[in-house]
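[1] No letters, just coordinates:
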Ligand SMILES: Nc1nc2c(c(=O)[nH]1)N[C@H]1C(S)=C(S)[C@@H](COP(=O)(O)OP(=O)(O)OC[C@H]3O[C@@H](n4cnc5c(=O)[nH]c(N)nc54)[C@H](O)[C@@H]3O)O[C@H]1N2
Ligand SMILES: Nc1nc2c(c(=O)[nH]1)N[C@H]1C(S)=C(S)[C@@H](COP(=O)(O)OP(=O)(O)OC[C@H]3O[C@@H](n4cnc5c(=O)[nH]c(N)nc54)[C@H](O)[C@@H]3O)O[C@H]1N2
Ligand SMILES: [Mo]
């Protein structure tokens, strides 16, 4: 056998296949200087600073892109190499005006390199003229005078975000960086992820919010408070304010990557209109009260209403924006101090269908896979999820998987960004997932392309399903869904060829009257292809809010307590009695929409709403507002005077996510620490603490002093899922539940050893059209959903410079429809459903199909939800935000 070693300096090193000289040298402890190289990115090999000698004769090669070969004799440092490196760096530095870069041990990367190699600041002979700085973008600044054309920004943009913003133009000394065809940064296709900033070695591309800032006073690691991806943040704090946020590079979730919201949209924390004192309303006037008064008033009022009208006339919406500890304590307060199961959370209006379907089919209502499965899979099915806008860090990873050869099947009525990277894009009419997925299943079964061994050993219900599929007509499904059968067959063939598959799903499945059925039909595909319970495969719904997974886990649901435990199981009840002192009622309580309906009928008298702006976000808004007005008591825990807070009797000012301690649980069941980086404005308090105080004022004796104490109780209450979870174990990457014991490592892939319910359940699912599919006089189907720059009701993002990136809601309309109706791009249009009407500026494109529209819901002025119907999925009670029959017409300019 040939010798599989090389020498580096005085060390003999084994060869690792594919390793470069640079990587091997660093492994062996030799620090070769680099400039254009970055460990996250593919080597550029352009700057030559990393030159090394590779044989006894002193042959010179660039370490960053030369593989280490057996027998090489590497010298990483010698007088000759040092001199070469100094000359090269001097050339770079002297291409810029004197003092552009100054050697420094704490400066930018190029300045640190100058310091290390002994290059002076003044490099004579320069003839360049100064170039204006591009500050057109609200978050990113480009200083051409600092750019050394190292192309790291270009690699970061392509290889991390997949956005391809940058290019190099010109030759030789006139080579310069460009933003595609755009003159200014602000006009480029940049999505503001900030990766280029993190990888730029000179500060040519930098964060605007760092202008003039000195080194931060502290850097605190926490979890992002926006979506359910759960990115880890390094929050830089200066003068008690958030100075800058960067992604934590060691984090398993995001590997240092962030999106425009997580990285940049933090200014709302310091907004001048934060709530800073509890507010009591009498009639139209608000009075600030001190906390002790607010707490005793509220506890008295809750007990009074409970005694007068009975426990079930009260209800609570626990917040998916707040911590696990807050959600847990609030449901406990209602279940024990009031004695009602009228507890629900916005998971209801979001992924309740997904959770119910997964629970029915597999035994647990959560993702079976992890984000780490994305690069491992052969085929991704992205169904009803616009990942690059709603979960950008995951979306970017899906894009990278597609760019590096995974098959990608996109199922979305709209041509979302990821559709451009797909092998097949199926565009069903909104609300027709069930027949479409059935058709794919039919083709798989009838062409013998299923994973028979898996279906046989791990599932039940196959015979009924295949009989049912046998009777379906593809011609009819083509008609219902609008999808050509050739495309259906192509999708089935791709799945079969590349299985097991990763199924990434979103609200385009969940928020429909057939939401639960849509997700179950997708699970059928998951099982027929043998995908659930395997690494690199399975079901990965992209959960919405930062803690929507956790909120449901904590018991923010009317039919189950903490850890999805049954309200009637004697063992559970005995444990609750022991820990809580009292077990909750056995009967399930009401869901969000049921509580709203009951309020409108006068049956619910009091609601506590924690961080949920139902007056803007719940469907059929007119009805919701009427219901809120009838309440004897509405308590709102909020950072801002939201649309809902205006109707409250008591508003309790809340701390934001970077101002409190606790945990969030992301969409892959990962419980991660939330750390307070800055103090909440005086008067605003962390939700969990306020709930504890109210409970104690109502006669409880809750002794939790920290959120960590609360987590210890959660572990005790729900040992199967959380028994092994404690704060001490949550660093650095959290724990994925189930984690039953203190020595359990957590679970990345659920159902690997068989389904939690025993066998996976295959289900025959009939198509039931939405009532909105057949509304005369409303010829368009309206989809509502999200845009990258804003977050849900926009309370937070509207108070940041994201507002200049996207100043208003918009309605997307197909070019042909727009032409037919004389609607111009940007023109304000009237949109009318049988439930209400509103207006918004039109965005004319081919992203939507003819006959469909898409409208965002991020601005209260638009009140998008006056349009949406009261229809819900009969099983999950999830509203149908994704299908509303509407008419649309242009408004004359003077009316707009
Ligand atoms: N930027 C941003 N990110 C967010 C949020 C935000 O407001 N802004 N909100 C967070 C929350 S709470 C959530 S729940 C997630 C939601 O994340 P997503 O589920 O990705 O978001 P949506 O835009 O609501 O809908 C996803 C897609 O469903 C498609 N769709 C509509 N009807 C159908 C259908 O019948 N079938 C299929 N297959 N597709 C359909 C729509 O065209 C849309 O592209 O995002 C989270 N992240
Ligand atoms: N038309 C239409 N409507 C929709 C949807 C749709 O697709 N189309 N999607 C639905 C979905 S999926 C969801 S999840 C809902 C979301 O609807 P909401 O839950 O109402 O909206 P959010 O913007 O997520 O957050 C609500 C409030 O939480 C507050 N908040 C943030 N952090 C904290 C905290 O730590 N403590 C407290 N007390 N408050 C805090 C914010 O200030 C904000 O006002 O909207 C639903 N509505
Ligand atoms: Mo959501």
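    Looks like it arrived, so ask away. Note that the structure is predicted; figures quoted are calculated from it, not measured. Numbering: from 1, shown residues only. Ligands and ions are numbered 1, 2, ... in the order given.

[2] if I look at the closest residue to ligand 3 within the stretch 651-800 of the chain, how far off is residue 321?
    In the stretch 651-800 of the chain, the residue that lies nearest ligand 3 is residue 792 (7.0 Å; Cβ to the ion). The way it works is simple: take the backbone N, C-alpha and C, and place the C-beta from them, glycine included. According to Cβ to Cβ, to the nearest Å, residue 792 stands 9 Å off from residue 321.

[3] which residues do those two both contact?
    Here residue 792 and residue 321 have residue 545 as joint contacts, going by Cβ atoms under 8 Å, 6 or more residues apart in numbering.

[4] Residue 138 is in contact with residue 209, isn't it?
    No - using Cβ atoms under 8 Å, residue 138 makes no contact with residue 209, being 9.5 Å away.

[5] anything in contact with each of those two?
    Shared contacts of residue 138 and residue 209 (Cβ under 8 Å, 6+ apart): residue 264.

[6] Break the chain into its domains for me.
    5-117, 140-270, 280-350+548-711, 364-541, 771-890 (automatic domain parsing).

[7] can you put the ones you listed in CSV and add mean pLDDT and mean neighbour count?
    Putting these into CSV (pLDDT from 0 to 100; neighbours: other Cβ atoms under 10 Å) gives the following:
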stretch, mean pLDDT, mean neighbour count
domain 5-117, 93, 17
domain 140-270, 92, 20
domain 280-350+548-711, 97, 21
domain 364-541, 97, 22
domain 771-890, 97, 20
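
[8] can you put these in a markdown table and add distance to residue 755?
    As requested, these are exported to a markdown table (distance: least, Cβ to Cβ, whole Å):
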| stretch | distance to residue 755 |
| --- | --- |
| domain 5-117 | 38 |
| domain 140-270 | 23 |
| domain 280-350+548-711 | 15 |
| domain 364-541 | 7 |
| domain 771-890 | 20 |
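
[9] Columns distance to ligand 2 on top of those, output as a markdown table?
    Output for the domains of the chain, formatted as a markdown table (distance: least, Cβ to the nearest ligand atom, whole Å):
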| stretch | distance to ligand 2 |
| --- | --- |
| domain 5-117 | 31 |
| domain 140-270 | 6 |
| domain 280-350+548-711 | 2 |
| domain 364-541 | 6 |
| domain 771-890 | 3 |
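
[10] Wait, a helix at residue 525?
    Yes - membership of residue 525 in a helix is supported by DSSP: H, G, I helix; E, B strand; the rest coil.

[11] That one and residue 439 touch, don't they?
    No - with contacts counted by Cβ under 8 Å, residue 525 stays clear of residue 439, the gap being 10.6 Å.

[12] mind listing the strands for the stretch 351-500 of the chain?
    Under the criterion DSSP state E, counting those that start in this stretch, strands of the stretch 351-500 of the chain are mapped to 379-383, 407-411, 424-426, 459-460.

[13] give me the residue from the stretch 701-850 of the chain nearest ligand 1.
    Relative to ligand 1, the nearest point of the stretch 701-850 of the chain is residue 785 (2.6 Å; Cβ to the nearest ligand atom).

[14] what's near enough to touch that residue?
    Counting by Cβ under 8 Å, 6+ apart, residue 785 touches 386, 390, 507-508, 854, 856-857, 881-882.

[15] Equivalent analysis for residue 89, please.
    Contacts of residue 89 (Cβ under 8 Å, 6+ apart): 35, 49, 110, 113-114, 117, 119.

[16] Please, which helix or strand holds it?
    Element membership of residue 89, judged by DSSP states H and E, is helix 79-94.

[17] Output the contacting helices and strands for the following helix or strand past that helix.
    Downstream of helix 79-94, the first helix or strand assigned by DSSP H and E is helix 109-117. Helix 109-117 is packed against helix 79-94, with contacts defined by 3 or more Cβ pairs under 8 Å, 6 or more residues apart in numbering; DSSP states H and E.

[18] Would you verify that residue 281 is located in a helix?
    No - Residue 281 is assigned strand when assessed by three-state DSSP, not a helix.

[19] Who does it form a beta bridge with?
    With DSSP bridges as the criterion, residue 281 is bridged to residue 286.

[20] Need the residues that contact the helix of greatest length in the chain.
    In the chain, assigned by DSSP state H, the helix with the most residues is helix 291-309. Contacts with helix 291-309, where a contact means Cβ under 8 Å, 6+ apart, come from 278, 280, 289, 313-314, 337-339, 605-606, 632-633, 635, 650, 652, 683, 685, 690, 693-694, 697-698.

[21] and if you look at stretch 678-688?
    Contact with stretch 678-688 is made by 235, 237, 240-242, 269, 274-277, 291, 319, 322-323, 325-326, 329-330, 610-611, 637, 639, 652-656, 658-662, 704, 707, 710, as judged by Cβ under 8 Å, 6+ apart.

[22] quick one on the thing from earlier: please produce a markdown table containing the strands of the stretch 351-500 of the chain, extended by distance to residue 445.
    Shown next, in a markdown table, are the strands of the stretch 351-500 of the chain (distance: least, Cβ to Cβ, whole Å):
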| stretch | distance to residue 445 |
| --- | --- |
| strand 379-383 | 17 |
| strand 407-411 | 18 |
| strand 424-426 | 18 |
| strand 459-460 | 13 |
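
[23] Any idea which of those gets closest to residue 813?
    Closest to residue 813 of those is strand 424-426 (Cβ to Cβ; 19.6 Å).

[24] What strands line up against that closest one, and which way round?
    strand 407-411 (parallel).

[25] So is the strand it pairs with next to ligand 1?
    Yes - judged by Cβ under 6 Å from any ligand atom, strand 407-411 and ligand 1 are in contact via residue 411.

[26] who touches that strand?
    Contacts of strand 407-411 (Cβ under 8 Å, 6+ apart): 378-384, 398, 401-402, 416, 418-419, 421-426, 428, 433, 436, 491, 494-495, 497-498, 508.

[27] go on, stretch 823-834?
    Taking contacts as Cβ under 8 Å, 6+ apart, the residues outside stretch 823-834 that touch it are 775, 778, 782, 811, 813, 817-818, 837-844, 853, 855, 867-869, 884-891, 893, 895-896.

[28] which residues in the stretch 601-750 of the chain form strands?
    For the stretch 601-750 of the chain, strands defined by DSSP E, counting those that start in this stretch occupy the ranges 606-610, 633-638, 650-653, 662-665, 670-674, 735-736.

[29] Find the nearest non-adjacent residue to residue 179, please.
    Of all residues not flanking residue 179 in the chain, residue 188 sits nearest, at 3.6 Å (Cβ to Cβ, 6 or more residues apart in numbering).

[30] The longest helix of the chain: how far from the chain's middle?
    Centroid separation for helix 291-309 versus its chain: 37 Å, with Cα atoms, centre = their mean, to the nearest Å.

[31] Also stretch 476-496?
    Remark: stretch 476-496 is offset 29 Å from the chain centroid, using Cα atoms, centre = their mean.

[32] Stretch 447-464 now?
    33 Å.

[33] Show residues contacting it.
    By Cβ under 8 Å, 6+ apart, stretch 447-464 touches 443-444, 492-493, 495-496, 499-500, 527-530, 533, 754-755, 759-764.

[34] how about the longest strand seen in the chain against ligand 1, any contact?
    In the chain, assigned by DSSP state E, the strand with the most residues is strand 837-845. No - figure legend: strand 837-845 not in contact with ligand 1 (Cβ under 6 Å from any ligand atom); closest approach 12.7 Å.

[35] quick one: contacts of that strand?
    The contact list for strand 837-845, computed with Cβ under 8 Å, 6+ apart, reads 808-815, 818, 823-831, 855, 862-864, 866-867, 890-891, 896.
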